[in-house]
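> One predicted model, sequence on top.
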Amino acid sequence: MLGIILRFMEILIAGIFSGFIGSLTGLGGGTVLTPLLTLFLGVPIYYATGASLISTIATSSGSASAYIKDKITNVRIGMGLEVATSGGAIVGSLSAAWVYSHGLAWVIYVVFGVVLLTSIVPTVQRGKYEIPKPRQPDWSTKLFKLHGKYYDAALGQEIEYWGVRWWLGEFIMFFAGVISGLLGIGSGALKVLGLDWAMNLPMKVSTTTSNFMIGVTAATGSSIYWYFGYIQPFIAAATAIGVLIGAFAGTKVLIKLTNRFIRWIFIAILNFLGVEMVLRGLSIARIIVLPLAYEYSASTALSIVLIAALLARYGRRR
């Protein structure tokens, strides 16, 4: 009984941390939770991805309501993009079932890591701006009324913005939905990328709107995961409770932080987890086999090198 309680607490703490980070960055708890459960707590990846989908719904429920109340989330843009991401989630979930049934779980690790790492560069490129440089409104801006404003407590001023390139946002959101279903996450990294880079929204609007959207995406994928038996109630319950607690805490902190600080938290986490997931996948496939301690050390070292390279490449422009 004590072992069960301790195990529950381990997963709960992982959920709290994941929910807090997910709420701050718009990643959703699953993006951080899946690597934590699989890399550090030894949970099989198919159960980890199933629990992550449930926790992502909790993240969205816990933080989205607070961000909507603060009038940072752009509900119009979020709902307009949800059609594409939900369709993609169905495609991704069915693909995941095929991958697991054919013993190719290592592919999920590698794809997960690559997705995280490729999300970094466009985010860093925009890191020199506290508020994005205004772009000329296009046809989609006027047709879909991609406009909004919010009060930024960190800057002490009201920020007004216009979204652009709706078509590119829809394309990225469909791909984000596929990744969500395939990896068992809310795919917040790609949603933030689509809102921040493609549509030129402020980072706080991107992260909060992403939080609003990921719950719907995860709910679509979780029904398919449940059908195939990839959701384990004990793990899912512990993660959902923890992520909900962490998400509520994150909403209280985000409004006090600058967009640049949030962006660099986002980058640092994606960097380490991306490298570690790729190495773990290659290890499972017996392509590169390292003892666990060396694997973590290699991930840390490679992450530091990547961050240093990004700073050298883009730091001078800030």
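Arrived safely.
> neighbouring contacts of the helix or strand hosting L244?
Applying DSSP states H and E as the criterion places L244 in helix 233-254. Here helix 233-254 makes contact (Cβ atoms under 8 Å, 6 or more residues apart in numbering) with 8, 11-24, 29, 33, 37, 43, 47-48, 50-52, 54-59, 61-63, 66-67, 204, 207-208, 262. In short, each C-beta sits where N, CA and C put it, glycine included.
> Tell me the buried residues within those residues.
8, 11-24, 29, 33, 37, 43, 47-48, 50-52, 54-59, 62-63, 66-67, 204, 207-208, 262 (16 or more other Cβ atoms under 10 Å).
> Would you state the helices of the stretch 151-300 of the chain in chain order?
Counting by DSSP state H, counting those that start in this stretch, residue ranges of the helices within the stretch 151-300 of the chain are 166-183, 188-193, 203-227, 233-254, 259-284, 292-314.
> Could you list the residues in contact with stretch 276-293?
Applying Cβ under 8 Å, 6+ apart, the contact partners of stretch 276-293 are 35, 38-39, 105-110, 112-114, 116-117, 295-296, 298-299.
> could I have it exported to CSV, CA atoms only?
C-alpha atoms of stretch 276-293 as CSV (Å, rounded to 0.1, in the frame of the first residue of the first chain):
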residue,chain,number,x,y,z
GLU,A,276,16.8,13.4,-24.5
MET,A,277,13.8,11.9,-26.3
VAL,A,278,15.9,11.5,-29.5
LEU,A,279,18.7,9.7,-27.6
ARG,A,280,16.2,7.5,-25.7
GLY,A,281,14.5,6.5,-29.0
LEU,A,282,17.8,5.6,-30.6
SER,A,283,18.8,3.6,-27.5
ILE,A,284,15.6,1.6,-27.6
ALA,A,285,16.2,0.9,-31.3
ARG,A,286,19.8,-0.2,-30.3
ILE,A,287,21.2,2.3,-32.7
ILE,A,288,23.1,4.3,-30.0
VAL,A,289,23.2,2.5,-26.6
LEU,A,290,24.4,4.6,-23.5
PRO,A,291,24.1,3.9,-19.8
LEU,A,292,21.4,6.1,-18.3
ALA,A,293,23.8,8.4,-16.5
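> quick one: buried residues of the helix holding L244?
Buried residues in helix 233-254, counting neighbours by 16+ other Cβ under 10 Å, are found at 235-251, 254.
> Ok, stretch 88-104 next?
G88, A89, I90, V91, G92, S93, A96, A97, V99, Y100.
> So which of those residues sit within strands?
Within the buried residues of stretch 88-104, no residue falls in strands by DSSP state E.
> And the residues you listed, which two are furthest apart?
Farthest-apart pair in the buried residues of stretch 88-104 is G88 and Y100; separation 18.7 Å (Cβ to Cβ).
> Find the residue ranges of the stretch 201-318 of the chain scoring beneath the pLDDT cut-off.
Along the stretch 201-318 of the chain, the parts satisfying pLDDT under 70 run over 255, 259-260, 263, 292-293, 314-318.
> please redo it, this time with the cut-off set to 90
201-233, 236-237, 239-318 (pLDDT under 90).
> what does the stretch 1-150 of the chain give?
1-7, 10, 14-15, 17-150.
> where along it do the strands fall?
147-152 (DSSP state E, counting those that start in this stretch).
> Of all the helices of the stretch 151-300 of the chain, which one comes closest to I4?
Among the helices of the stretch 151-300 of the chain, helix 233-254 comes nearest to I4, with 8.3 Å by Cβ to Cβ.
> Export the closest one to PDB, keeping only CA atoms.
Extracted in PDB, the C-alpha atoms of helix 233-254 (Å, rounded to 0.1, in the frame of the first residue of the first chain):
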ATOM      1  CA  PRO A 233      -6.700   5.000 -14.900                       C
ATOM      2  CA  PHE A 234      -4.200   5.100 -12.000                       C
ATOM      3  CA  ILE A 235      -1.600   7.000 -14.000                       C
ATOM      4  CA  ALA A 236      -4.200   9.300 -15.700                       C
ATOM      5  CA  ALA A 237      -5.800  10.200 -12.400                       C
ATOM      6  CA  ALA A 238      -2.500  11.100 -10.700                       C
ATOM      7  CA  THR A 239      -1.300  13.200 -13.600                       C
ATOM      8  CA  ALA A 240      -4.600  15.000 -14.100                       C
ATOM      9  CA  ILE A 241      -4.800  16.100 -10.500                       C
ATOM     10  CA  GLY A 242      -1.100  17.200 -10.500                       C
ATOM     11  CA  VAL A 243      -1.400  19.000 -13.800                       C
ATOM     12  CA  LEU A 244      -4.500  20.800 -12.700                       C
ATOM     13  CA  ILE A 245      -2.800  22.100  -9.600                       C
ATOM     14  CA  GLY A 246       0.300  23.200 -11.600                       C
ATOM     15  CA  ALA A 247      -1.800  24.900 -14.300                       C
ATOM     16  CA  PHE A 248      -3.600  27.000 -11.700                       C
ATOM     17  CA  ALA A 249      -0.300  28.100 -10.200                       C
ATOM     18  CA  GLY A 250       1.100  28.900 -13.700                       C
ATOM     19  CA  THR A 251      -1.800  31.300 -14.500                       C
ATOM     20  CA  LYS A 252      -0.900  33.400 -11.400                       C
ATOM     21  CA  VAL A 253       2.700  33.700 -12.500                       C
ATOM     22  CA  LEU A 254       2.400  34.300 -16.200                       C
END
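> Good, wrapping up.
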